[in-house]
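Q: predicted model and sequence below, questions to follow.
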Amino acid sequence: MTIAMSKEMVTEHGLAAHEVNVKNASAQNASDLNNNFNGMGDSKEISEKDLDDYLHHYNKWQQSRAGRALQQWIADHLGLKFDAEIKWKNVAMIGGLHLTTVILFFKYVWYSTLTTWVWGIFVGGCAGFGVTGGAHRLWTHRAYKAKLPLRIILMCCYCLSGQNSLFDWVRDHRIHHKYSETDADPHNSNRGFFYAHVGWLLLRKHPECIKKGRLIDMSDVLADPVIQFHQKYFMALKIVFTFIIPSFIPWLFLGEPLYLSFLANCLLRYVLTLNFTWLVNSAAHIYGNKPYDKRIRPAENKAVSIVAMGEGWHNYHHVFPWDYKAAELSNYSVNLTTFWLDFFSKIGWAYDLKEPSKDLVRRTLEKYGDGTHITTPIGHLQEVPEQESAKSR
Ligand SMILES: [Zn+2]
Ligand SMILES: [Zn+2]
């Protein structure tokens, strides 16, 4: 048990999840599956010993001679200090993807056509909607309900984004909300912009994050047949939707050269979609005002809202995570996701859209806000300063 558990924990619950057979999943056995997905058969077995096993591995790399030497060299020459094992595979993949994209972009951007940009923005928009409207507002926060056709559309759109499995995404985001800015937060912004942006994908998770992650209830997600299908065919769906469909359609039907189509969709569009999502965890947790709750780090960030289709109103979102708009005001120009959800609501595919009452929002911002809300009164300025009026008496 210990050895098997260590291995499973080392691969982390995200990877272990892919090995679980979800063929017979149903609402009845969702709770069992939830435990299995979490890498444990029984939550009682989440013992200190299990955690110690993980901690042992967690520090193993740093304890080795080679690890210490490399870590020292990086600290001395680059000024970077790591307190967790580096996932070299992810460093190579994510680093290689970004480097290749930057180099090829400047080499081939001059050959791009209107088709290249229009198709790229269309695919990027669909991918973004799958993340924001699907993984985030529907499956993580249950901010509204969606009928089967919309859930299928959202799942397909999400697959265009090329991110982790929906199960991993939802679990990580639920942990993020529940334990924001602590060691259990997968992208704890107290560890800096880079860590919150992408560094968390390059390092092993903090043990506290693993521990708390196993306690997150995922039964509602596992009970959804659309998620079960996605989990079962995760890798095939990722290859088809992230790479093949976006790059082959312009080549086959729109007269685009394949190399250009590949560069625009499999590299540039993919990299931008990833970074726009990551900015919510980094920039929107560091820069901006806090009209709803000044005690927390998430902030209102308009720039992030524009590129992330309305997900940058993050101070509000962390106070009212179950609001389907993820923002107080429904200005569609800075909240494209809300526009589409309202559209799907009109045709009946999205329903039970949740929102707090205006009164609750007002009372909250009056009590905890930093005074920067658009409705906050400036107050009455004294006609004569107090000292002046005292002197004249
Ligand atoms: Zn957040
Ligand atoms: Zn959220």
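A: Thanks, I have the structure now. Ligands and ions are numbered 1, 2, ... in the order given.

Q: all strands for the stretch 101-250 of the chain, in order.
A: Counting by DSSP state E, counting those that start in this stretch, one finds strands in the stretch 101-250 of the chain at the ranges 145-146.

Q: OK, contacts around Val91?
A: Leu202 (C-beta atoms under 8 Å, 6 or more residues apart in numbering). From N, CA and C alone the C-beta is placed, and that goes for glycine too.

Q: show me where the stretch 51-200 of the chain has helices.
A: Using DSSP state H, counting those that start in this stretch, the helices of the stretch 51-200 of the chain run over 65-78, 88-108, 114-129, 148-160, 166-178, 193-194, 200-202.

Q: among the ones you listed, which is nearest Val334?
A: Of all the helices of the stretch 51-200 of the chain, it is helix 114-129 that lies closest to Val334, at 13.4 Å by C-beta to C-beta.

Q: what about that closest one, distance to the chain center?
A: 20 Å (C-alpha atoms, centre = their mean, to the nearest Å).

Q: quick one: it to helix 88-108, angle?
A: 150 degrees (axes from the mean of the first three to the mean of the last three C-alpha atoms, to 10 degrees).

Q: buried residues in helix 114-129?
A: Of the residues in helix 114-129, Thr115, Thr116, Trp119, Gly120, Val123, Gly124, Gly125, Cys126, Ala127, Gly128, Phe129 count as buried by neighbour count, 16 or more other C-beta atoms under 10 Å.

Q: can you give me the angle that helix makes with helix 148-160?
A: Using the same axes, to 10 degrees: helix 114-129 against helix 148-160 is 120 degrees.

Q: tell me what helix 114-129 is packed against?
A: helix 148-160, helix 245-253, helix 270-281, helix 336-346 (3 or more C-beta pairs under 8 Å, 6 or more residues apart in numbering; DSSP states H and E).

Q: so, low pLDDT: which residues of the stretch 251-393 of the chain?
A: Along the stretch 251-393 of the chain, segments meeting pLDDT under 70 span 330, 376-393.

Q: can you map out the helices along it?
A: 258-262, 270-281, 302-307, 314-319, 336-346, 358-368, 386-392.

Q: the ones you listed: which one's closest to Asn188?
A: That would be, of the helices of the stretch 251-393 of the chain and by C-beta to C-beta, helix 270-281, which comes in at 9.5 Å.

Q: how far off helix 245-253 does that closest one point, in degrees?
A: Computed by the same axes, to 10 degrees, the angle between helix 270-281 and helix 245-253 is 150 degrees.

Q: give me the buried positions along helix 270-281.
A: Counting neighbours by 16+ other C-beta under 10 Å, helix 270-281 gives Tyr270, Val271, Leu272, Thr273, Leu274, Phe276, Thr277, Trp278, Leu279, Val280, Asn281 as buried.

Q: angle of it against helix 166-178?
A: 30 degrees.

Q: helices or strands next to helix 270-281 in the packing?
A: helix 88-108, helix 114-129, helix 302-307.

Q: dump the ones you listed into TSV; add distance to Asp359 as well.
A: Shown next, in TSV, are these (distance: least, C-beta to C-beta, whole Å):
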stretch	distance to Asp359
helix 88-108	45
helix 114-129	31
helix 302-307	25
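
Q: which one of these lies nearest to Gly199?
A: helix 88-108 (10.1 Å).

Q: against Val91, how distant is Glu85?
A: 11 Å (C-beta to C-beta, to the nearest Å).

Q: can you lay out the helices of the stretch 51-200 of the chain as JSON lines showing distance to Tyr292?
A: As requested, those are exported to JSON lines (distance: least, C-beta to C-beta, whole Å):
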{"stretch": "helix 65-78", "distance to Tyr292": "38"}
{"stretch": "helix 88-108", "distance to Tyr292": "33"}
{"stretch": "helix 114-129", "distance to Tyr292": "24"}
{"stretch": "helix 148-160", "distance to Tyr292": "27"}
{"stretch": "helix 166-178", "distance to Tyr292": "15"}
{"stretch": "helix 193-194", "distance to Tyr292": "22"}
{"stretch": "helix 200-202", "distance to Tyr292": "25"}
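
Q: so which of those helices is nearest Leu263?
A: helix 88-108 (5.3 Å).

Q: what bits of the stretch 1-150 of the chain have low per-residue confidence?
A: For the stretch 1-150 of the chain, the ranges with pLDDT under 70 are 1-63, 82-83.

Q: repeat that with 90
A: Along the stretch 1-150 of the chain, segments meeting pLDDT under 90 span 1-89, 105-113, 115.

Q: buried sites along stretch 228-236?
A: Under the neighbour-count criterion of 16+ other C-beta under 10 Å, stretch 228-236 has Gln228, His230, Gln231, Phe234 buried.

Q: likewise stretch 70-86?
A: Gln71, Phe82, Ala84, Glu85, Ile86.

Q: what's the closest of these to Arg214?
A: After measuring the buried residues of stretch 70-86 against Arg214 - C-beta to C-beta - the closest member comes out as Ala84, at 18.4 Å.

Q: beta partners for the nearest residue to that closest one once chain neighbours are set aside?
A: In this structure, Ala84 finds its nearest non-sequential neighbour in Leu203, 4.2 Å apart by C-beta to C-beta, 6 or more residues apart in numbering. Counting by DSSP bridges, Leu203 is bridged to Ile86.

Q: relative to Ala350, how far out is Leu203?
A: Leu203 is 37 Å from Ala350, by C-beta to C-beta.

Q: which one's more surrounded, those two?
A: Ala350 (25 against 17; other C-beta atoms under 10 Å).

Q: so what's the residue count around the closest residue to the more buried one other than its chain neighbours?
A: Spatial nearest neighbour of Ala350, chain neighbours left out: Phe344 (4.1 Å); criterion: C-beta to C-beta, 6+ apart. Using other C-beta under 10 Å, Phe344 has 21 other residues around it.

Q: got it, and Leu150?
A: If we define neighbours as other C-beta under 10 Å, then Leu150 has 24 of them.

Q: list the contacts of it.
A: Leu150 sits in contact with Phe344, Trp349, Ala350, where contact means C-beta under 8 Å, 6+ apart.

Q: that older thread, for Ser261, which of the helices of the stretch 51-200 of the chain is the nearest?
A: Across the helices of the stretch 51-200 of the chain, closest to Ser261 is helix 114-129 (C-beta to C-beta), at 7.6 Å.
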